[in-house]
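> My questions concern the predicted model and sequence given below.
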Amino acid sequence: MSLPALRIEGYVIVSADGMLANAARLMPEQLKFEGDKQFFTAALDRADLVVHGHNSSEEQPNSPQRKRIVLTRKIEAIAPDPVNPLAILWNPAGATFEAACERAGVRSGTVAIIGGPYVFGMFMDHYDTFWLSQAPKVRLPGGEPCFPGVPERSPQDILAAHGLSAGPSRSLNHIPPQNGILYEYAT
């Protein structure tokens, strides 16, 4: 991947054990914090392009107005999304990310990667910044890990192994950290 004009940012909220969804592959209410929602919404409103897998989405009022790339294996390379005129479908086995961005009409700016695990893993060596929100009191046994390699390693260890350094953490919802902590990892 050669992305000199694009800034790649990742966004995920996880449980204490590094899960982004429960065993049913759904985000449980315990991972939904108003502070994280506000941060995430503002970040996506600033992004030029949103990238995610077919099971991920942000479900926000502005979602239909955002350009996006949806990863899928149901097509050969790149195709228009039949239900969203601002989205394209992309199979990484059939076309490059650069070609998908070109088809989406995005040649520069910020790309927000919002999941799932395979998608996060694909971009692991390309993030300029990764925003990791964590609910330190929530555990999701048997849940869906946020990255390949979790739970054997923590999300923090995986980000560090890919050259991202943790900055200061901050509390979500402006209340004690039992409700959520936001970490910024940057190159």
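Arrived safely.

> my guess is residue 183 meets residue 167, correct?
Yes. Because the distance of 7.3 Å satisfies Cβ atoms under 8 Å, residue 183 is recorded as touching residue 167. For glycine as for every other residue, the C-beta is placed from the backbone atoms N, C-alpha and C.

> The two: which is more packed in?
Taking other Cβ atoms under 10 Å, residue 183 and residue 167 do not tie; residue 183 has more neighbours (18 against 12).

> Quickly find the element holding the more buried one.
strand 181-186 (DSSP states H and E).

> Against which helices or strands is that strand packed?
helix 34-46, strand 129-135, helix 155-161, strand 165-166, strand 170-171 (3 or more Cβ pairs under 8 Å, 6 or more residues apart in numbering; DSSP states H and E).

> swap the cut-off to 7 Å and go again
strand 129-135, strand 165-166 (3 or more Cβ pairs under 7 Å, 6 or more residues apart in numbering; DSSP states H and E).

> Go through those strands and pick out the most buried.
Ranked by mean neighbour count, those are led by strand 129-135 with a mean of 23 (mean count of other Cβ atoms under 10 Å).

> outside of it, which residues touch it?
Contacts of strand 129-135 with the rest of the structure, by Cβ atoms under 7 Å, 6 or more residues apart in numbering, involve 9-16, 30-31, 36, 155, 159, 164, 172, 180-186.

> tilt between it and strand 181-186?
Counting by axes from the mean of the first three to the mean of the last three Cα atoms, to 10 degrees, strand 129-135 lies at 160 degrees to strand 181-186.

> mind listing what strand 129-135 pairs with, with the direction of each?
Strand 129-135 pairs in its sheet with strand 6-15 (parallel), strand 181-186 (antiparallel), by DSSP bridges.

> List the buried residues in the shortest one.
I take that to be strand 181-186. 181-185 (16 or more other Cβ atoms under 10 Å).

> Figure out how far that strand is from the centre of its chain.
13 Å (Cα atoms, centre = their mean, to the nearest Å).

> Just the mean pLDDT for that strand, thanks.
Taken as a whole, strand 181-186 carries a mean pLDDT of 83.

> now that strand against helix 34-46, angle please.
Using the same axes, to 10 degrees: strand 181-186 against helix 34-46 is 30 degrees.

> contacting residues around the residue nearest to residue 90 when sequence neighbours are not counted?
Distance criterion Cβ to Cβ, 6 or more residues apart in numbering; nearest residue to residue 90, sequence neighbours excluded, is residue 100 at 4.1 Å. For residue 100, the contacting residues are 69, 78, 88, 90, by Cβ under 7 Å, 6+ apart.

> Return, as residue ranges, the portions of this structure with sub-threshold pLDDT.
The chain contains residues with pLDDT under 70 at 1-4, 173-179.

> export the contacts of residue 100 to a markdown table and tack on neighbour count and secondary structure?
Output for the contacts of residue 100, formatted as a markdown table (neighbours: other Cβ atoms under 10 Å; DSSP: H, G, I helix; E, B strand; the rest coil):
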| residue | neighbour count | secondary structure |
| --- | --- | --- |
| 69 | 24 | strand |
| 78 | 18 | strand |
| 88 | 22 | strand |
| 90 | 26 | strand |
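
> That concludes my questions; thank you for your assistance.
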